[in-house]
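Q: Fold the following, please.
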Amino acid sequence: MKQLFIMALALVASASSFAQLRTSSDSVSYAAGVYVTNGLVPFLVQQHQVDTAYMADFVRGFREVVSTSDDPKMKAYLVGMQIAQQLNERMLPGITQEFKDSPDSIITSRFYDGFAAALLQDTTTFTTAAAEKYFLAKREADKAAREERLYGANRTAGREFLAANAKKEGVITLPSGLQYKVLVKGEGQVPLTTDRVKVHYEGRLIDGTVFDASKKHGDEPMELSPTNVIKGWTEALTMMPVGSKWQLYIPYELAYGDRDTGTIKPFSALIFDIELVGICEK
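A: Reported below is the predicted structural model:
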């Protein structure tokens, strides 16, 4: 008897739910709502880290939003939530990374305080202009301090190497700081910046570590534009006659500067053996 009563209640509940779809528009609208959820749950889990155990809470939030979508206060509140998520996922990690290993660090709670104060026009601590000036100056100073601590030794070693190298026989130092030594004297045409050239090369750190060579990319010489390489190469290639082989000693300012390319650390002086095989036909 009890089982029959429970089954009857279930049928009544089912019937009352289905009875709400009185018209064809009711049915197609309901079906559309079901249809657009296709793939939504995996998206919520993967992109927003929603725990499916709390799906009822998601639906509660969903219903609250759709029931108050015309309320300007609710609209502002929701946009605030969206901006907070964007700050957390995109902007804040980037700014935090910029100050990694520097004298200062980004404190999340203080970051939020400053963000809110600016929007509420609270200039007790900083005006927008003053905050921008202070932040940018500190970012540059902290970047310089971090680079000096991590890579200052590279800059010092490179300068000492180039100073000693300049005194060696056959080494020519140009006004730019580029040094070179002629290993093989070519007699061919000197490339223009608008040309494409064929070269064999090997690049080394000043400790002798080879970080790249044309032979790693095949037996044929590499083809490149003199303007699509580091500054030290550009200057040398537009001075070398075809058939030349030079050894270049490049200060970091004419190489990769403060960039970290992996094997080549910031402020690294570099050595290249370059053979100018030819100029490509136009």
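Q: In three-state terms, label F211 for me.
A: Here F211 is recorded as strand under DSSP: H, G, I helix; E, B strand; the rest coil.
Q: I figured E253 hits G177, correct?
A: Yes: the pair E253 / G177 is scored as a contact, 6.6 Å apart, by Cβ atoms under 8 Å. Where you see a C-beta, it was placed from the backbone N, CA and C, and this is true even at glycine.
Q: Can you name every helix or strand that the helix ranked longest in the chain contacts?
A: Using DSSP state H, we find that the single longest helix of the chain is helix 128-165. With contacts taken as 3 or more Cβ pairs under 8 Å, 6 or more residues apart in numbering; DSSP states H and E, helix 128-165 sits against helix 108-119, strand 245-250.
Q: which of these sits most buried?
A: strand 245-250 (a mean of 22; mean count of other Cβ atoms under 10 Å).
Q: Pull up the pairing partners for the very next helix or strand once past it, direction included.
A: As assigned by DSSP states H and E, the chain's next helix or strand after strand 245-250 is strand 270-279. Sheet pairing for strand 270-279, assigned by DSSP bridges, gives strand 197-205 (antiparallel), strand 245-250 (antiparallel).
Q: Dump stretch 215-228 to CSV, restricted to CA.
A: This file holds the C-alpha atoms of stretch 215-228, laid out as CSV (Å, rounded to 0.1, in the frame of the first residue of the first chain):
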residue,chain,number,x,y,z
LYS,A,215,75.3,22.5,-39.6
LYS,A,216,72.6,21.7,-37.0
HIS,A,217,70.1,22.8,-39.7
GLY,A,218,71.6,20.8,-42.6
ASP,A,219,74.6,20.9,-45.0
GLU,A,220,73.4,23.8,-47.0
PRO,A,221,74.2,27.4,-45.9
MET,A,222,71.5,29.3,-44.2
GLU,A,223,69.7,32.1,-46.1
LEU,A,224,68.8,35.2,-44.3
SER,A,225,68.4,39.0,-44.5
PRO,A,226,71.1,41.2,-42.9
THR,A,227,68.3,43.2,-41.3
ASN,A,228,66.6,40.2,-39.7
